[in-house]
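>>> Just need the structure, nothing else, for what follows:
(one chain, ligands or ions: 1)
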Amino acid sequence: MDEPRFPDGFVWGVASSAFQVEGALEEDGRGVSVWDAFTRRPGVIRDGHTADVACDHYHRYGEDIALLAELGVDVYRFSIAWPRVVPAGAGAVNPRGLDFYERLVDGLLERGITPLPTLFHWDLPQALEDAGGWLERDTAHRFAEYVSAVAVRLGDRVGAWITLNEPFEHMSLGYALGEHAPGRTLLLDALPAAHHQLLGHGLAARLLREEHGAKVLLTNSYSPARPARDTPADRGAADAYDALHRRLFTDPVLLGRYPDLSAYGLAAGALPYVRDGDLAVISAPLDGLGVNYYNPTLLAAPPAGSPLPFDFAEFPPGVPRTAFGWPVVPDGLTQTLVELTELYGEALPPLWITENGCSCDAYVEDGDRVAYLDAHVRAVHAAIERGADVRGYLVWTLTDNFEWAEGYHQRFGLVHVDHETQKRTPRASFTWYRDLIAAQRRPRAA
Ligand code: GBH
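Residues are numbered from 1 along each chain as shown. Down below sits the predicted model:
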């Protein structure tokens, strides 16, 4: 098949996050985050890996900017660590923390790369977690204060911000299932962490737009919920998962109302922690919706006595897998983009693929990753042809990094990192992506 041609002005980029790459956890006055504490608990991270050094990006950011420039990306999505900026989560701002992001932003701008910072990618200051974390309403207000401090320093150079990364994953893995920091296992009692993250998003969105004239995006993970078998019970399970995974984090933002979770056996009718006026804040105007896509989710009816109205099912053995074991299903990305377009209609802002990529074991010759990325770029193009307004595509991620509970075992980078020496080695996928970007920029044949 011919190379797909994307619309003029389509944006290409890569994404990363602070805790996964920076290291230097104790430098320049950074406070402790929930992930610092979690990675020190025995048995929660594969092989006891920590992110104390990660990719040493805090010191090697210049080298990483040079790699971005070589790649030719338009935009770099990174995240700002709240504990560097407000070490205790509330109160005093740490100017040295902001200095680092200023150096990074200035370095990007010098190379003509647009910075796209995420303001929260899961590294909550531990002091706030000690006070209840995202289960507490207060955390939303502390988030807005931290965002304000960042925008005051960087708002003259940063035109667009992503408030939150994947609030569903943070709620479910962090507060419901205990697989991520802060390691709580509250199951459905984790739901306030959804509302308070969204409230924080809304408060931050309002101040960024009104006080700084900035554009605001929210990034969710989208994973089409597919019934394992075409039976009413499995379709019901898929609907319930869809309500919890997609609609709970999209309806309030775009439509100003929550889905009725009780219809899916997920919660009592009213969510008691939702106060009058909250939904007006949460549905503040949005300039773009970030879509992180890895794979669809297959759902089956739950076993008797399950606390949840769905059960996860396995894709059939014939479906290819990444090194992480995740199924490779590119048409799920087209499906997600087309469904968002059809379901939210006029209420949907432009879409951005803010993460897509795969784990692959290869040192440099990562043909599996090239195949994965190529198929997913085509899937985005197919969605555009079917009417989805997609403005950009960002690969997860530039360098191999600290992959949360998997430690350094999963390698998602276009660039290999030797975690002993910190040596960066661009892979075949780096060259492939560089060439794709260059080809897309060439003027069209008349
Ligand atoms: C993102 O989360 C994060 O934003 C990023 O920090 C992270 O490094 C990156 O992805 C890679 O993990 O059980 O086979 O169906 C991804 C969230 C949640 C995506 C679980 C895939 C299920 C795979 N993911 N999910 S499977």
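
>>> so is residue 118 in a helix, a strand, or just coil?
Taking DSSP: H, G, I helix; E, B strand; the rest coil as the rule, one finds residue 118 in the strand state.

>>> What distance do you get for it to residue 166?
Residue 118 sits 10 Å away from residue 166, taking CB to CB, to the nearest Å as the criterion. To be clear about C-beta, it is placed using only N, CA and C from the backbone, and glycine gets the same treatment.

>>> Report the set of residues contacting both of these two.
Common contacts of residue 118 and residue 166 (CB atoms under 8 Å, 6 or more residues apart in numbering): residue 219.

>>> need the contact list for residue 47.
407, 409.

>>> what about it, is that helix, strand or coil?
Taking three-state DSSP, the label given to residue 47 is helix.

>>> Tell me if I'm right that residue 350 and residue 289 touch.
Yes - assessed by CB atoms under 8 Å, residue 350 is found in contact with residue 289 at 7.5 Å.

>>> And these two? Which one has more around it.
residue 289 (22 against 14; other CB atoms under 10 Å).

>>> before we move on, what SS does the more buried one have?
Per three-state DSSP, residue 289 ends up strand.

>>> near the ligand, which residues of this structure show up?
17, 165-166, 169, 221, 292, 294-295, 297, 326-327, 355, 396, 403, 412 (CB under 6 Å from any ligand atom).

>>> same thing but 5 Å
Contact residues (CB under 5 Å from any ligand atom) of the chain with the ligand: 169, 294, 326.

>>> Can you lay out these as a markdown table showing neighbour count and pLDDT?
Shown next, in a markdown table, are the residues of the chain next to the ligand (neighbours: other CB atoms under 10 Å; pLDDT from 0 to 100):
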| residue | neighbour count | pLDDT |
| --- | --- | --- |
| 169 | 18 | 98 |
| 294 | 24 | 98 |
| 326 | 16 | 98 |
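
>>> possible to save the residues you listed as a markdown table with secondary structure?
Shown next, in a markdown table, are these (three-state DSSP):
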| residue | secondary structure |
| --- | --- |
| 169 | helix |
| 294 | coil |
| 326 | coil |
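
>>> where's residue 123 relative to residue 82, distance?
6 Å.

>>> Overlap of the contact sets of the two?
Here residue 123 and residue 82 have residue 33 as joint contacts, going by CB under 8 Å, 6+ apart.

>>> List of residues touching stretch 172-183?
Stretch 172-183 has contacts (CB under 8 Å, 6+ apart) with 33-35, 37-39, 41, 44, 122, 124, 129, 133-135, 169-170, 184-188, 190, 193, 404-405.

>>> Let me see the contact set for the residue in the stretch 1-150 of the chain that the ligand sits nearest to.
With CB to the nearest ligand atom as the measure, residue 17 is the residue of the stretch 1-150 of the chain nearest to the ligand, at 5.1 Å. Counting by CB under 8 Å, 6+ apart, residue 17 makes contact with 78, 79, 118, 121, 122, 123, 165.

>>> As CSV, those with secondary structure would be great.
Shown next, in CSV, are these (three-state DSSP):
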residue, secondary structure
78, strand
79, strand
118, strand
121, coil
122, coil
123, coil
165, strand
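
>>> would JSON lines of those with neighbour count be doable?
Putting the contacts of residue 17 into JSON lines (neighbours: other CB atoms under 10 Å) gives the following:
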{"residue": "78", "neighbour count": "27"}
{"residue": "79", "neighbour count": "24"}
{"residue": "118", "neighbour count": "25"}
{"residue": "121", "neighbour count": "25"}
{"residue": "122", "neighbour count": "27"}
{"residue": "123", "neighbour count": "26"}
{"residue": "165", "neighbour count": "24"}
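
>>> Quick one: the residues you listed as TSV, columns for pLDDT too.
Output for the contacts of residue 17, formatted as TSV (pLDDT from 0 to 100):
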residue	pLDDT
78	99
79	99
118	99
121	99
122	99
123	98
165	99
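
>>> for the stretch 151-300 of the chain, which spans come out with low pLDDT?
269 (pLDDT under 70).

>>> one more time with 90
Applying pLDDT under 90 to the stretch 151-300 of the chain picks out residues 265-272.

>>> show me what contacts the residue in it that the ligand sits nearest to?
For the stretch 151-300 of the chain and the ligand, the shortest gap (CB to the nearest ligand atom) falls at residue 294, measuring 4.0 Å. Taking CB under 8 Å, 6+ apart, we find residue 294 in contact with 221, 223, 326, 355, 356, 357, 358.
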